[in-house]
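Engineer: Turn this into a model:
(chains A and B)
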Amino acid sequence: MKEDRWKKIESLFEGCRQLPESQRTDYLDRQCTDPELRSEVEQLLRSSQTPDPFLDHPRRAARLVAEEFCEQIGPHEYVDQTIGSFRIRRFLAAGGMGLVYEAHQGGSDRRVALKLMRFGVSSENARRRFEYETRILGRLNHPGIAQIYEAGVHTVALEADLHVPYFAMEFVPDAQPITEYATTKSLADNDRLELFLEVCDAIEHGHQKGIIHRDLKPANLLVGGNGRPKVIDFGVARSTDSDLFASTTLTNPGQLVGTLRYMSPEQCEADPSRLDARSDVFSLGVILYELLLDEFPYDVPSNNVYQAAVAIRESAPHRPTSLQPALATDLETILLKAIEKEPERRYRSAGDLARDLRHYLADEPISARPPGSWETVGRVMRRHRVASVATVLFLVALLLGAAGTTIGYVRATRAESLALIGQEQAKEAQAAAEASEREIEATLQQVEEQARQNQGMFDFLRDTFYAANPRTTGRSPTVEDLLDHAATKLSLVFREDDLTRAEMCEVLATSYHHLQRPEKAEPLMRLAVQDRRRLAPLEQGTFTSMIVFSGMLLSNRKVEEAELVARRAVEDWESSTEEPDHSFAGALGVLARAQLDRGNHDSAEANLLRAISLHRSQGHGSSETMVQLLSLMLVLREHQQRWTEAARYGGEALAIGGQVLPETHPTQVTLRSSLAKMLNQAGNGDSAEQHLRDAVQFSARIFGEDHATHLSTVRDLATLLVTQRKLDEAEQHLQFVIEGQRDGLGDFHPEVAVTQICLGDAFVAMGEFEEAELVYQEAFDLLSEEMGREDERTLHAAYSLASLLLRTGKHEDLESLGVPLLDHAQPPTQRGRNMARALREIVASSLQQTERYREAAKHLQLVLETSRHDLGETHPYTGMIRDRLERLRNQRSPTASDSP
Amino acid sequence: MNARGPQGSIAAEQARQRSQQLEQLLPLIYGELHGMASKALGYERANHTLQPTAVIHEVFLRMCRQRKLDTQDRALFLAAAAKMIRRILVDHSKKHNRRKRGGGRAAVTLHDELLMSPGIDLDLMMLHDALELLGEVDPRRSRLVELRFFGGLTMAESAEVLGVSERTAANDWVLARAWLRQKLRNGPPTQA
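Structural biologist: Now for the predicted structure:
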């Protein structure tokens, strides 16, 4: 009967569908007497015309069903399976990054939380990288951090190429997220703060070890049954590359937004390598905000990921006291500082945040200041949405430039250190500039005042920003856009007899320099120098300008002109009435660097020693410039192969650097690396290793683990470890470096090959000759293709490969590699010539071993000649070759019967 | 129903026979689908996300190889998979809610992140209930919906499986869809 009724409905429905709408009422009047039935048909007819997002798209719906099916059923598939040494007992939860299970360690009753990541790693390199990262995580040891017991890669059955990373972590019994815990226990504000402070201490521990959490949210801050908080998943996001925005595979947008709420603005910008401890500080700030106010600092739409990201980046936080008027002002200030949009303006670390909170609890003055004068200038820029770090830099540069001589000192020191550290580190100089923000902030008010007084400058800046308004250009301007705009307007606005033009040129040029745009920086700086020399030839400002110009030329590898400009600056300075103060000493330093680069060691030494003593006598013995001067002495002594002295200068530089350089200064890394190299040369491998390990830690923290500088630091460490016979560790580091360099620089970058050479050395030390031959060959092929056959790196690879072939007795391979390469080889660099000579010596040995004495002698003779020329007659190497050649000649004579 | 011709009957008979063959493979499909679920948990392989639908296809290809299935039987295979997916989801939902609250079922909800507006999710358990209800009075329409929503079959493939012409299937779809719309979206769409 039910079926009969349905049959009727079907027939009426189909009947109506055949008819135009106007006739349907008539049709139903005639065909249907049951009003209930009729109403149902009418409803169905209406429904058939109402669109529906799912029912109208069955294919899409089916795809979503399949996804949902996997989401629901998939996690349970692992229950009772064994992963690593763990047996999975129970599925606990699914998160954006992985599935969490309760598991037990085989044999024991140890209960662990086992997290199976969603993101498989397929390449061998990705696996090694994961293992490397997780070993670092294993070093976290703090009562507030859930210990990672084991991490590994589980290979999914039937899918040999699918490897799923997992972590076994300390299980926190009766865990609750920190916010939930505070609510259920109705904790008072101060108790919440105490709880939060414990979290900060744990995070700070991680930061100290150079590890950033990257996914801080209440769900990762668990309070156990004992009332103590534990941070879980520390650094896990990083080790598996599952930083949220780096991945696009999340199926559930709600889940993503749940995490997004706590993400820092820079995290929303999807560049994981730029993150540092301050990103964690931001997340902590949002959590504290929620903990104290039970609200989020701004409205994050819950169903749209992209709008949520925009809200985090752009919307201003609600003032805490507007939500809870009774909240202490200091607490508000602390909260707002923690969640500043720009990392530079936040607490530098969880430790700093904790310190201020403790000050607050102890009724002591806090360090954070409510938004003030800095805010007013910053607002101009922020309205125009320019990238934050660069914004600060640009603004600082502009204002310093505008201020003219009053803060000429600040500018001069910055200019010197900029010039001294050179191009390869110009980018890192940004970090340095950020670090001294505090000092700059102090002078800003004054600067601002001056900028206002200089009406011309002020108008110029205003126009520049106005023109760069996104509404007129259609997109957010980059700093470079602003600079370009300013540069084109420059000569229209300022007359050539106006020093302001020179000042403006300098500002733009240094900014371009920071942005690594030497081709734009150099002509502007040249113009500035010309203007100044014409208008005020013998003033300190002109000298400083010349020194900065010289530094830029140096970084652009125009060494000759750099020396010329620096020397003229020094000479003019000496002939002027300006005092030869510590700034003059800085100029001497730049000159010395140019001379050093040109190979003029004696003049460099004289100028450096003079600069150092000037600096000391002026009471600037502990300054950044001093550190750079001592570092240059190290380089000089290195050239002279006076290792012990070089190491002594390095040690001195490091001691001063420890006092005057911020922790985030790039010199912290470069100095330690160079010092280690000298110590190793001087025979002190153990100290060298210690300094290099420190350098690696610093570079991870300052640059991030993907950064080229960090990778080459790790490579330095690995190279040393090979000589220290710590071969396994060395190999792991090198594989990590190669992977990172391939990712960052591309597969065919010469740096990749250089690392391969190091890896080959490690293999040789292990006795893995086949592997070694393979990587040497790969490195050689890459380098000869990309860099040419006379490049020093190509020759280095060839030399390494040839030595190995000699060792394994592959004489034919060796000769077909070495002989054509050496034919007419004229490497342009000294190191290249050294490598070619060493390669020729290997070739000679090979010929000698295969009893082709005449040819061997011919090559050895060439080795001897170049050695005499490059190293001198008395150099031990020359002597050694001479002896060998003599023995060889004796061997060749028919009377000689001894073989090598 | 008057649209079915003699041609249709032969097609229907052939389809029925092949369906029967496939029924024997159901336990196997069951296992494969479970495996697929864990495999497709968003894992990336060589930088490509494993799409669950692609995985179903992979399962089919594997079974073709192992069980000498004809690749022509794709639609039939998908039909069997659709039934199985539906059954597994319903069982799962029952089991998990029993564990949680001692009865009822856990919601299994579809939402499409592209749509972004609230209130348009689809509750799969409600869909299942509705299909059960429809199946009592009109098994063919109920099956048609199952094929399209749980198996992702096209109208033509569905028609083939059901042994009817594509036109008939398309015609059937209109009423089935209208009826579901009314059941699932809480009563009559008066606002329209």
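Engineer: which stretches of the stretch 101-250 of chain A have low pLDDT?
Structural biologist: A:118-127, A:129, A:133, A:156-162, A:236-250 (pLDDT under 70).
Engineer: Let me see the contact set for residue B:143.
Structural biologist: B:135, B:162 (CB atoms under 8 Å, 6 or more residues apart in numbering or on different chains). Where C-beta positions appear, they are placed from N, C-alpha and C, glycine not excepted.
Engineer: Next one: it from residue B:164, what distance?
Structural biologist: Using CB to CB, to the nearest Å, one obtains 11 Å as the distance from residue B:143 to residue B:164.
Engineer: quick one, domains of chain A?
Structural biologist: A:2-49, A:75-371, A:372-519, A:536-615, A:621-746, A:769-892 (automatic domain parsing).
Engineer: How far off centre is the shortest one?
Structural biologist: Between the mean C-alpha point of domain A:2-49 and the mean C-alpha point of its chain there is a distance of 69 Å (CA atoms, centre = their mean, to the nearest Å).
Engineer: hmm, that domain touching chain B?
Structural biologist: Yes. Against chain B, domain A:2-49 shows contacts by CB under 8 Å from any CB of the partner chain at A:2-3, A:5-6, A:10, A:13-14, A:17, A:43-49.
Engineer: Endpoint to endpoint, that domain covers what distance?
Structural biologist: Using CA to CA, to the nearest Å, one end of domain A:2-49 lies 25 Å from the other.
Engineer: got it, and the fourth one?
Structural biologist: Domain A:536-615 has an end-to-end distance of 26 Å (criterion: CA to CA).
Engineer: Work out the gap between that domain and the centre of the chain.
Structural biologist: That offset, for domain A:536-615, works out to 32 Å (CA atoms, centre = their mean).
Engineer: can you check the fifth one too?
Structural biologist: The gap between where domain A:621-746 is centred and where its chain is centred comes out at 17 Å by CA atoms, centre = their mean.
Engineer: can you tell me the average pLDDT over it?
Structural biologist: For domain A:621-746, the mean per-residue pLDDT is 88.
Engineer: Endpoints of it, how far apart?
Structural biologist: Using CA to CA, the end-to-end distance of domain A:621-746 comes out at 43 Å.
Engineer: can you give me the helices in the stretch 101-250 of chain A?
Structural biologist: For the stretch 101-250 of chain A, the helices defined by DSSP state H, counting those that start in this stretch cover A:124-138, A:178-184, A:189-208, A:236-239.
Engineer: buried ones in the longest one?
Structural biologist: The one in question is helix A:189-208. A:189, A:192-193, A:195-208 (16 or more other CB atoms under 10 Å in any protein chain shown).
Engineer: Likewise for the second one?
Structural biologist: By neighbour count on 16+ other CB under 10 Å, the buried set for helix A:178-184 is A:178, A:179, A:181, A:182.
Engineer: any idea how far the second one is from chain B?
Structural biologist: Look at residue A:179 and chain B: by CB to the nearest CB, to the nearest Å, they are 23 Å apart.
Engineer: and what of the third one?
Structural biologist: Using CB to the nearest CB, one gets 22 Å for the distance from residue A:181 to chain B.
Engineer: Nearest spatial neighbour of that residue, chain-adjacent residues omitted?
Structural biologist: The shortest distance from residue A:181 to any non-neighbouring residue, by CB to CB, 6 or more residues apart in numbering or on different chains, is to residue A:223 (4.0 Å).
Engineer: Show me where chain B dips below the pLDDT cut-off.
Structural biologist: Using pLDDT under 70, chain B drops low at B:1-12, B:14-16, B:18-19, B:21-28, B:34-58, B:60-72, B:96-122, B:186-192.
Engineer: returning to what we had before: can I get the buried residues of helix A:178-184 in JSON lines with distance to residue A:568?
Structural biologist: Shown next, in JSON lines, are those (distance: CB to CB, whole Å):
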{"residue": "A:178", "distance to residue A:568": "64"}
{"residue": "A:179", "distance to residue A:568": "65"}
{"residue": "A:181", "distance to residue A:568": "69"}
{"residue": "A:182", "distance to residue A:568": "67"}
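Engineer: Quick check: residue A:666 touching residue A:709?
Structural biologist: Yes. Counting by CB atoms under 8 Å, residue A:666 touches residue A:709, with 7.2 Å between them.
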